[in-house]
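> Next comes the sequence, and after it the predicted model I'd like to discuss.
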Amino acid sequence: MAKAKKKGIHAVPDERNLKDPNRKVPAKPRLPSIRIIDNIDIPISELSQIQRCELIAEISESILEDPEAAIITSRSDGGDEEEGGKSSSKSKMNTLLDLANPMKNSYDQTTTRLAILSLLAIFQDIIPSYRIRLPTAAEMSVQVAKDTKKVWDYEKALLASYQRYLKLLDNLWESGCGKQTKKKDAALSEISVTAILCLCELLKSATHFNFRSNILSIIVKQTSHRTCEEVSDSCCGAISHVFKEDKQGDVALEAARSIAKMIKERYEKGASASMSIRPAVVRTFLSLPLRVHEDEAQAAKLAEQAKAKMKKKDRNELDDVDEEMKEGDATVDKIVLAKSQADTLHAVTLTYFRIIKGTNITTDDDRTNTKQKKKVHHATTLLAPALEGLAKFSHLINFDTVHDVLTVLKGLMKNVETMPLDASLNCVLTAFQTLQGPGRELQIDQKEYVSPLYSQLPRLVSERNDSTNTELALKCLYFAFIKRKEYSNVRVAAFAKQLSTVAMHAPSYTSAPLLAFLQQLLHRYPSAAQLLENEEDVVTQGTYTPNAEDPEYTNPFATSAWELGVLKFHINPEVAHHARGAGAKRMLQLPAEDPTKILAEMVRNSRELHIAHRISKKKHPLATKGKANKTDKRRRIQARFITPRTSQEHHLLPFT
């Protein structure tokens with residue numbers, strides 16, 4: 001071993017040396033780290049795809065670390081340049097924008113998608129919370145502080161980069177079959193879908209920033225995209241988000257006017273163009289948090305005009321500064337909000353009327369042709385969200401508009417059987433909310449709107465039923481009999497009998513809330529409790545005719561609510577519970593047993609395939625409590641065990 005060490009031969013190390021804590025292990029030599037961002041001026045075409053992806057990541061990190069230095073074009077000392085021997089080099093933001101451009105990255109789709117998504121995250125992080133106003137030529141001519149000039153340069157560069165990014169997204173969308181062609185099988189590329197989704201996210205996060213109108217115009221056009229539902233749903237979701245989050249009301253007004261203009265143009269082109277509108281586009285108006293009545297908005301407009309006249313008299317130099325300071329203030333101007341909401345309500349109401357009147361024209365025509373049937377079906381699909389929105393905002397409309405609303409609804413009531421169930425129920429609900437809201441002063445018999453509701457209840461069983469239709473039916477029943485007083489006992493009894501019949505054949509999530517409402521109805525109108533008596537004990541004339549159009553002519557007291565006796569033994573305990581409660585005229589325990597709350601719980605149970613049931617626990621006959629003693633032995637239940645009979649084993653005998 002000693003000779004081997006002298007000659008420099010590596011001997012086998014001893015195991016004790018390996019466990020020596022003082023033994024130093026030589027460190028492995030590390031290669032120098034190469035950062036691609038240091039060679040940012042290298043042409044993009046010379047980089048591989050992996051190097052481009054790494055460059056996107058490094059540039060994104062450096063921009064977020066110091067946005068001002070990364071966006072403003074840097075200058076380096078050059079040789080023979082005219083401007084003081086300085087040459088301008090490409091900024092990091094411009095390099096990232098070039099990486100996102102397919103024409104500059106050799107049409108690499110992966111690089112383009114990663115770059116535009118990285119730019120989306122960057123702009124969402126560095127965009128200021130105010131709208132940038134570039135200085136005028138007069139302001140630029142004035143000598144300002146160095147910091148102010150630096151802020152002006154940064155805002156100008158940021159705005160230019162943001163505008164370039166929006167133009168790039170628009171071009172990517174249009175180049176990837178963004179323009180809707182007549183070919184139904186025209187597929188969208190991944191880059192074009194990514195571009196439009198980035199525009200939707202920018203509309204959500206940068207509604208206060210510049211170029212908002214440009215983004216909004218692109219998204220509104222694609223809310224009814226023909227081929228890609230994902231694009232249409234994303235655009236509608238972005239506009240709904242704007243409606244919910246807009247505090248001042250000006251952005252929501254601009255979006256509502258854009259959608260109303262698009263729907264108006266398509267209806268003016270004809271029925272074929274109106275068929276391209278998706279119901280989700282009309283349903284976006286439901287996200288509007290409108291709270292200002294039209295009369296209050298008119299008073300706000302008059303107050304604003306008076307305030308403007310006073311400003312003209314006492315205007316001074318500081319008024320312009322105050323107006324600019326209000327833009328950055330987070331408070332909400334109530335006068336501006338009232339005016340914006342009033343104009344938004346006007347645009348939305350006109351759109352609803354246009355859809356309803358267009359539907360009324362198409363349903364009156366001959367529907368023998370298949371094309372005409374398709375047009376009628378599509379028109380009625382737009383009718384349901386229009387009536388739903390009109391029912392939501394009916395309490396805000398002016399008294400002069402109530403007469404027009406009721407006239408249109410009466411025309412729809414004539415064709416209530418041909419409309420979808422949700423559209424017909426929304427029609428009845430809109431009429432009730434209008435009459436009990438702004439039309440309360442009108443002396444109108446609501447019988448015209450109660451009779452169609454009676455004929456629509458059996459459709460909860462005969463047609464495709466979901467939780468939405470059941471919820472609409474409960475709302476209509478609440479407005480017809482609970483919120484208003486019904487003076488016809490025959491009409492109340494007819495509805496009580498109809499509810500018990502529908503609950504007999506409907507699904508469990510429909511039967512339980514209808515029976516709960518029947519309990520509420522019998523408690524409010526005790527005269528209808530005659531249906532709970534035996535048919536032999538009731539002295540009446542005629543027979544019960546449930547198919548009559550008018551519930552007054554059904555003669556409900558000639559029969560009884562015998563369905564409640566059958567529903568007591570329903571497999572669902574919730575249905576059986578409310579059937580027993582209705583038969584016993586037991587009062588509901590509100591709000592725990594509210595019909596809408598029962599509906600939500602039953603729908604959840606049906607989706608989860610859950611049926612609530614009681615667990616019956618029976619004690620074993622030999623079970624004893626504690627230690628056994630003499631008294632326990634006497635009280636113990638005597639259990640008899642039968643000895644099984646011995647088998648003769650006939651099956652094992654030989655066959656003879």
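That came through fine.
> Let me see the ranges of the strands in this structure.
75-77, 86-88 (DSSP state E).
> looking at the ones you listed, which has the lowest confidence?
Lowest mean pLDDT within the strands of the chain: strand 75-77, a mean of 40.
> which other residues reach stretch 491-504?
By C-beta atoms under 8 Å, 6 or more residues apart in numbering, the surrounding residues in contact with stretch 491-504 are 450, 454, 457-458, 460-461, 477, 481, 486, 510-511, 514-515, 517-518, 521-522, 525, 527-528, 530-531, 544, 546, 551-552, 554, 556-557, 559, 561, 563-564, 566-567, 575, 579, 582. In short, each C-beta sits where N, CA and C put it, glycine included.
> filter those residues to the buried ones?
Among the contacts of stretch 491-504, those buried by neighbour count (16 or more other C-beta atoms under 10 Å) are 450, 454, 457-458, 460-461, 477, 481, 486, 510-511, 514-515, 517-518, 521-522, 525, 528, 530-531, 544, 551-552, 554, 556-557, 559, 561, 563-564, 567, 575, 579, 582.
> Sitting in helices, which of the residues you listed do you find?
Cross-referencing the buried ones among the contacts of stretch 491-504 against helices under DSSP state H gives 450, 454, 460-461, 477, 510-511, 514-515, 517-518, 521-522, 563-564, 567, 575, 579, 582.
> And L421, how far from I122?
Distance, L421 to I122, by C-beta to C-beta, to the nearest Å: 49 Å.
> Need the phi and psi values for the closest residue to A206 other than its chain neighbours.
Leaving aside its sequence neighbours, A206 sits nearest to I127 (C-beta to C-beta, 6 or more residues apart in numbering; 5.4 Å). Note on I127: its backbone torsions stand at phi -70, psi 130 [degrees, to the nearest 10].
> thought I127 was touching T207?
No: between I127 and T207 no contact is recorded; they are 10.8 Å apart, counting by C-beta atoms under 8 Å.
> More neighbours: which of these two?
T207 (20 against 17; other C-beta atoms under 10 Å).
> The closest residue to the more buried one other than its chain neighbours and A582: what is the separation?
Among residues not flanking T207 along the chain, V251 sits closest, at 5.0 Å (C-beta to C-beta, 6+ apart). As for V251, its distance to A582 is 50 Å (criterion: C-beta to C-beta).
> Over to F432?
24 Å.
> again with K339
Separation of K339 from A582 (C-beta to C-beta) stands at 51 Å.
> same question, T596
T596 is 17 Å from A582, by C-beta to C-beta.
> Same check on I355?
Counting by C-beta to C-beta - I355 and A582 are separated by 40 Å.
> do the same with P556
Applying C-beta to C-beta, the value for P556 to A582 is 15 Å.
> residues near A273, how many?
Counted by other C-beta under 10 Å, the residues lying close to A273 total 12.
> quick one, what contacts it?
E265, R266, Y267.
> Filter these down to the buried ones.
For the contacts of A273, buried by 16+ other C-beta under 10 Å: R266, Y267.
> Could you dump the contacts of A273 into a markdown table and include distance to L166 and pLDDT?
Output for the contacts of A273, formatted as a markdown table (distance: C-beta to C-beta, whole Å; pLDDT from 0 to 100):
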| residue | distance to L166 | pLDDT |
| --- | --- | --- |
| E265 | 24 | 90 |
| R266 | 26 | 88 |
| Y267 | 30 | 85 |
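> Helix or strand with the lowest mean pLDDT in this protein?
For the chain, using mean pLDDT, DSSP states H and E, the weakest element among its helices and strands is strand 75-77, scoring a mean of 40.
> Which residue lies nearest the spatial centre of this protein?
G237 (6.5 Å; C-alpha atoms, centre = their mean).
> Would you mind finding the longest helix in this protein?
Determined from DSSP H, the single longest helix within the chain is helix 334-363.
> Show me how far it is from its chain's centre.
20 Å (C-alpha atoms, centre = their mean, to the nearest Å).
> which other helices and strands contact that helix?
If contacts are counted by 3 or more C-beta pairs under 8 Å, 6 or more residues apart in numbering; DSSP states H and E, helix 334-363 sits against helix 250-269, helix 294-313, helix 370-392, helix 399-413.
> which stretches of the stretch 301-450 of the chain have low pLDDT?
The model of the stretch 301-450 of the chain has pLDDT under 70 over residues 301-332, 360-379.
> mind redoing it with 80?
301-334, 358-380, 398-400, 437-446 (pLDDT under 80).
> So for stretch 390-402, first residue to last residue, what's the gap.
The separation between the terminal residues of stretch 390-402, taken as C-alpha to C-alpha, to the nearest Å, is 11 Å.
> So what touches that stretch?
Contacts for stretch 390-402 (C-beta under 8 Å, 6+ apart): 286, 288, 290-295, 345, 348-349, 352, 356, 405, 426, 429-430, 433-434, 437-439, 441-442.
> Show me what counts as buried in that stretch.
Within stretch 390-402, the residues scored as buried using 16+ other C-beta under 10 Å are L390, A391, K392, F393, S394, L396, I397, N398, T401, V402.
> Next: stretch 523-540.
For stretch 523-540, the neighbour count (16+ other C-beta under 10 Å) marks Y525, A528, Q530, L531, L532 as buried.
> So of the residues you listed, which two are at opposite extremes in space?
By the measure C-beta to C-beta, Y525 and L532 form the most distant pair in these, at 12.6 Å.
> picking that back up, enumerate every residue touching the residue nearest to T207.
So V251 contacts T207, H208, R212, V242 (C-beta under 8 Å, 6+ apart).
> Could you list the low-pLDDT ranges of the stretch 551-656 of the chain?
Ranges of the stretch 551-656 of the chain meeting pLDDT under 80: 611-656.
> Tell me, how many residues neighbour K334?
Burial measure for K334: 11 neighbouring residues, criterion other C-beta under 10 Å.
> Please tell me how far it sits from E245.
For K334, the distance to E245 - C-beta to C-beta - is 18 Å.
> got it, and S274?
Taking C-beta to C-beta, one finds S274 at 30 Å from E245.
> N94 too?
Taking C-beta to C-beta, one finds N94 at 32 Å from E245.
> Which one's more surrounded, these two?
Neighbours were counted for N94 and for E245 using other C-beta under 10 Å; N94 has more, 18 against 14.
> Surely that one touches A160?
No: applying C-beta under 8 Å, one finds N94 not in contact with A160, separated by 9.5 Å.
> All good on my end, thank you.
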